[in-house]
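> no sequence for this one, just the structure:
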């Protein structure tokens, strides 16, 4: 498996994977169709007009088959002013699951952050996405902030 920088020819693959973000358990008030629609919109906007410093890395088999991607960008912590790396998005295709693709992409993000001189890397994940939360915990990520929601 090779982890390489994004190329324009990868665009359709990345957009198609963006719907995977809506597949996890969501709070009951979230509309899954709206989530999928929004994720597609975000993916297209991110690829067409990326935020400054954004980089995308793609995992591919030696055969050229694409298996996943990770999007990273700089972030400045609001409270401390510390510059950090931010994992904006990570997705693995169903064909890539269980092959270590996610772990390799996360390693690439940490390598990117280290090369940029960051001492921290952050990400957001839906609390009910148990699979992803456990994956990040396995990689020694810790919960710092929780967003609490109450339906009224």
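Here it is on my side, so go on. Quantities reported herein were computed from a predicted structural model and do not represent experimental measurements.
> Below-threshold pLDDT in this protein: ranges please.
When the per-residue scores of the chain are filtered using pLDDT under 70, the ranges that remain are 21-27, 30.
> Give me the three-state assignment for residue 140.
Under the three-state scheme (DSSP: H, G, I helix; E, B strand; the rest coil), the conformation of residue 140 reads as coil.
> Next up, the contacts around the nearest residue to residue 10 once chain neighbours are set aside.
Nearest non-adjacent residue to residue 10, counting by CB to CB, 6 or more residues apart in numbering: residue 58, 5.3 Å away. Where C-beta positions appear, they are placed from N, C-alpha and C, glycine not excepted. For residue 58, the set of contacting residues under the criterion of CB atoms under 8 Å, 6 or more residues apart in numbering consists of 3, 4, 5, 6, 7, 10, 13, 14, 66, 68, 69.
> and those, which of them are in strands?
Applying DSSP state E to those, the entries found in strands are 3, 4, 5, 66, 68, 69.
> In the sheet, which residues pair with the second one? Tell me.
Read it as residue 4. With beta bridges defined as DSSP bridges, residue 4 has these partners: residue 58.
> Kindly provide the distance from it to residue 144.
31 Å (CB to CB, to the nearest Å).
> quick revisit: tell me the one among the ones in strands among the contacts of residue 58 nearest to residue 113.
Checking the ones in strands among the contacts of residue 58 against residue 113 by CB to CB gives residue 3 as the nearest, at 14.3 Å.
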